[in-house]
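In: Take a look and give me a structure for this.
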Amino acid sequence: MKIAIMGSGGVGGYFGARLAQAGEDVTFIARGEHLAAIRRDGLAVSSVEGDVTIAPASASDDPAEVGVVEAVIVAVKAWQVREAAEAIRPMVGPATLVLPLENGVEAADTLAEVLGETSVLDGLCGILAWREGPGRIRHAGVSPFVRLGPRRPDQAEGARRLQATLDRAPGMHAEIPDDIQAAVWSKFQFICAMSGIGAITRAPIGVTRTLPETRSLTEQLLDEITAVARARGVALPEDAVERAMGFIDALPAESTASMQRDIMAGRPSELESQNGAVVRLGREAGVDTPVNAMIHAALLPQERAARGGGESG
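Out: This is a model prediction of the structure:
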């Protein structure tokens, strides 16, 4: 299968490398030193599921150079999705499927606004990975998985084919859940709570899930996200909060979320796509979200500074 990876960091780099390892025709869209290193030395993945180096690896910074592919996996930061959608237009033909693997619950809608409904699937992934350096990806935890689903009946066959392709690759599992929206929001629950609590405390998950005060705050975050999802018609299970806490409790103690790492490094983050989105979507649905609102407000000055919109401190 001819696949392009738009965003070749921890998520895109890992899943793209596994697909290439399985023999799929994969092109990595990257830029700068990361692109140069992939072209020169290939893409190296250090993983708890087994290391792999794809060399030579096909990589480009120009989607037009790649041309139309069968599938595009979009693995950029959530706030980069609209820009990425515009960039990948040359790779999207009448039969191309576009699979978003962002944190958050709005990436597929944004892609569909730009590219049309025909191509875009719903999707999510689970993995603890990051770009360790140019041409190098580190996968440190979570057994990697992808969940995807069609947004239209005519996408069902293509979605099944892409799921089977992903599932054949080593070091990962892919499935089509019965309710993709419930799956997307279930992922959003724990990553948003983990990101928010980690970003304001600057502590790893092993600390925040153990300290009674921050564990309680995490549960309050999850309660609010659950209420927003249900108000928007998402059929989360009755034990959604308990399930999310179970996933958080199973993570390696040193785990941190990508939003937390970006905020701690002074980089632009996914704040508006995570805790900010809970507040905004809750307001639209008539649901109060005071804990998410507090976290969003507390982090907003630094986020504005990271984007050049003001000074922090």
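In: Please count neighbours and contacts with C-alpha atoms only from this point.
Out: Noted.
In: Can you show me the helices along the protein?
Out: When assigned using DSSP state H, the helices of the chain occupy the ranges 10-21, 32-41, 63-66, 81-87, 107-115, 156-168, 180-201, 205-208, 212-231, 240-250, 258-264, 275-285, 290-306.
In: The longest one versus helix 275-285: what angle between them?
Out: With axes from the mean of the first three to the mean of the last three CA atoms, to 10 degrees applied, the angle from helix 180-201 to helix 275-285 works out at 130 degrees.
In: Equivalent analysis for the fifth one, please.
Out: Here helix 107-115 points in a direction 80 degrees away from that of helix 275-285 (the same axes, to 10 degrees).
In: which helices and strands sit right next to helix 107-115?
Out: Where contact means 3 or more CA pairs under 8 Å, 6 or more residues apart in numbering; DSSP states H and E, helix 107-115 is packed against helix 81-87, strand 92-100.
In: do that again at 7 Å, thanks
Out: The helices and strands touching helix 107-115, judged by 3 or more CA pairs under 7 Å, 6 or more residues apart in numbering; DSSP states H and E, are helix 81-87.
In: just to revisit the earlier point, which one of the helices of the chain lies nearest to residue 47?
Out: Proximity to residue 47, assessed across the helices of the chain by CA to CA, is greatest for helix 10-21 (8.8 Å).
In: what sits up against that closest one?
Out: Taking contacts as CA atoms under 7 Å, 6 or more residues apart in numbering, the residues outside helix 10-21 that touch it are 5, 26, 45, 54, 75, 129-131, 137-138, 166, 169-171.
In: How about stretch 27-47?
Out: Here stretch 27-47 has contacts from 3-8, 14, 51-61, 134-140, using CA under 7 Å, 6+ apart.
In: Give me the phi and psi for the most centrally placed residue in the chain.
Out: Nearest to the centroid of the C-alpha atoms of the chain, with distances taken as CA atoms, centre = their mean, sits residue 102, at 2.7 Å. Residue 102 has phi and psi values of phi -80, psi 160 when expressed as degrees, to the nearest 10.
In: do the one 4 residues further on as well
Out: When quoted as degrees, to the nearest 10, the phi and psi of residue 106 stand at phi -120, psi 0.
In: so which of the contacts of helix 10-21 comes closest to residue 287?
Out: If you rank these by distance to residue 287 using CA to CA, residue 75 comes first, at 30.0 Å.
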